[in-house]
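# my questions concern the predicted model and sequence given below.
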Amino acid sequence: MPDIILHHYPISPFSEKVRLILGYKKLAWKSVVIPTIMPKPDVIALTGGYRRTPFMQIGADIYCDSALIADVLERMSPQPTLYPAENEGVARMLSQWADATLFWTVIAYVFQPSAVPYLLGNVTPEQMKAFSVDRAAMRGNAPRMSLAEASGALAEYLRRMENMLAGGKPYLLGQQPSIADFSVYHCLWFVQKAEPVAHILDTAPALKEWLARMAEFGHHQSERLASEEAVAIARASTPAAGDDMPFFNTHDVSLGQRVTITPTDYALDPVEGELVLSTATQFAVRREDPRAGVVHVHFPRIGFHLKKV
Ligand SMILES: N[C@@H](CCC(=O)N[C@@H](CS)C(=O)NCC(=O)O)C(=O)O
């Protein structure tokens, strides 16, 4: 099996989602620690502009967004599954809700002055400023939630999730973990990290036990890899031929056409290339980078838009 290379940083919640999935599936991986703020030259060499964290590299194939990474890991190693057949649809829906609504509620809740050092370490005022400026630019005009709103909403979401575990259910949707558990987990893991404000979790004792149960999956085995080495691996590799999923044309495009793919919500940096894959669930573009060579950059359909150049 080719090496799984995860580009991430320790305090990134979406990275924790993927690390825990790697632990659940017992997949060994290479760990490239990337910067938390721009500039990220080695990231951009590989992705062509996408700056969000994490992304996964397999040779010269780059997979953006944790939802797509989860699908690719499931294809590589189907057992244990992230998508139990009896509730795959609801698991994906709940996962999408957690990755968007729950995540941004948690962000608005945890970034209280007392908790910041637990999330970002003992940063200098200049480093704090640089972080805030970077995230403000990344979020653009996306609406922000006040702390008051976030505290109320998070308390209510915790009540709802506590209810999902009623009757001693081990996981949110039943006896087996699903992608929904991993998406909720990374958000509440971030609340736990924000120690001075983590007491909000005390209102949900079953959920706290569930958090401990999830944490036991761990991260399996990883080995550090320098980011320049990851770029060199891409350069020395050829993108995979792609799967045999049928071409699905919703944008009146043809394969080989120049397009851009851009997130729909925040960090609106387009990635430009020739369309090489357009299926029911994902897009991929081929681009040539002076340092990384020819790479295919993959995106899920949901959460991204495609535009013809
Ligand atoms: N929908 C994306 C969201 C990723 C995301 O927002 N990641 C945060 C970190 S957890 C990020 O990119 N922050 C800015 C950065 O790392 O540069 C996913 O599922 O991967």
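Received, thanks. In this text the structure is predicted, and so the values were computed from the model without any measurement.
# dump the residue contacts of residue 284.
By C-beta atoms under 8 Å, 6 or more residues apart in numbering, the contact list for residue 284 reads 61, 242, 275, 276, 277, 296, 297, 298, 299. Using the backbone N, CA and C atoms, a C-beta is placed for each residue, glycine as well.
# which parts of the protein sit against the ligand?
Taking C-beta under 6 Å from any ligand atom, the part of the chain that reaches the ligand is made up of 12-14, 36, 51-53, 65-67, 99, 138, 303.
# is residue 287 in a helix, a strand, or coil?
Using DSSP: H, G, I helix; E, B strand; the rest coil, the structure places residue 287 in strand.
# model confidence for it, exactly?
Residue 287 carries a pLDDT score of 98 in this model.
# tell me the bridge partners for residue 287.
Counting by DSSP bridges, residue 287 is bridged to residue 295.
# show me the shaky parts of the stretch 201-309 of the chain.
Along the stretch 201-309 of the chain, segments meeting pLDDT under 70 span 243.
# recalculate using a threshold of 80.
Low-confidence segments of the stretch 201-309 of the chain, defined by pLDDT under 80: 242-244.
# how about residue 171, nearest residue that isn't a chain neighbour?
The shortest distance from residue 171 to any residue other than its chain neighbours is 4.7 Å, reached at residue 177 (C-beta to C-beta, 6 or more residues apart in numbering).
# would you confirm that the one you found contacts residue 210?
No. Taking contacts as C-beta atoms under 8 Å, residue 177 lies outside contact range of residue 210: 9.8 Å.
# mind listing the shared neighbours of the two?
Common neighbours of residue 177 and residue 210 (C-beta under 8 Å, 6+ apart) are residue 171.
# which SS class is the residue in the stretch 101-250 of the chain positioned nearest to the ligand?
Nearest residue of the stretch 101-250 of the chain to the ligand: residue 138, at 5.8 Å (C-beta to the nearest ligand atom). In three-state terms, and counting by three-state DSSP, residue 138 is helix.
# dump the residue contacts of the residue nearest to it when sequence neighbours are not counted.
Nearest residue to residue 138, sequence neighbours excluded (C-beta to C-beta, 6+ apart): residue 267, at 4.8 Å. Applying C-beta under 8 Å, 6+ apart to residue 267 gives the contacts 50, 51, 52, 138, 139.
# switch the cut-off to 6 Å
The contact partners of residue 267, by C-beta atoms under 6 Å, 6 or more residues apart in numbering, come to 51, 52, 138.
# then residue 55?
7, 62, 64.
# which parts of the stretch 151-300 of the chain are helices?
Assigned by DSSP state H, counting those that start in this stretch, the helices in the stretch 151-300 of the chain fall at 179-193, 205-215, 227-236.
# what pLDDT does the residue nearest to residue 171 get?
With respect to pLDDT, residue 177 has a value of 98.
# next one: residue 41
98.
# burial check on it, number of neighbours?
If you count neighbours by other C-beta atoms under 10 Å, residue 41 ends up with 12.
# residue 118 too?
Residues within reach of residue 118, counting by other C-beta under 10 Å, total 16.
# helix, strand or coil: sort out it for me.
Quick answer, by three-state DSSP: residue 118 is helix.
# how close does the residue nearest the centre of the chain sit to residue 98?
The chain has residue 66 as the residue nearest its centroid, 3.1 Å off, counting by C-alpha atoms, centre = their mean. Computed as C-beta to C-beta, to the nearest Å, the residue 66 to residue 98 distance reads 11 Å.
# try residue 308
Separation of residue 308 from residue 98 (C-beta to C-beta): 33 Å.
# more neighbours: which of these two?
residue 98 (26 against 12).
# what's the closest non-adjacent residue to that one?
Distance criterion C-beta to C-beta, 6+ apart; nearest residue to residue 98, sequence neighbours excluded, is residue 183 at 3.8 Å.
# count the residues that sit near the one you found.
Residue 183: 27 surrounding residues under other C-beta under 10 Å.
# pretty sure it sits against residue 99.
Yes. Counting by C-beta atoms under 6 Å, residue 183 does reach residue 99; the two are 5.1 Å apart.
# returning to that earlier point: for the contacts of residue 55, which one is nearest residue 292?
residue 62 (8.6 Å; C-beta to C-beta).
# identify the residues contacting that closest one.
Residue 62 touches 46, 47, 55, 295, 297, counting by C-beta under 6 Å, 6+ apart.
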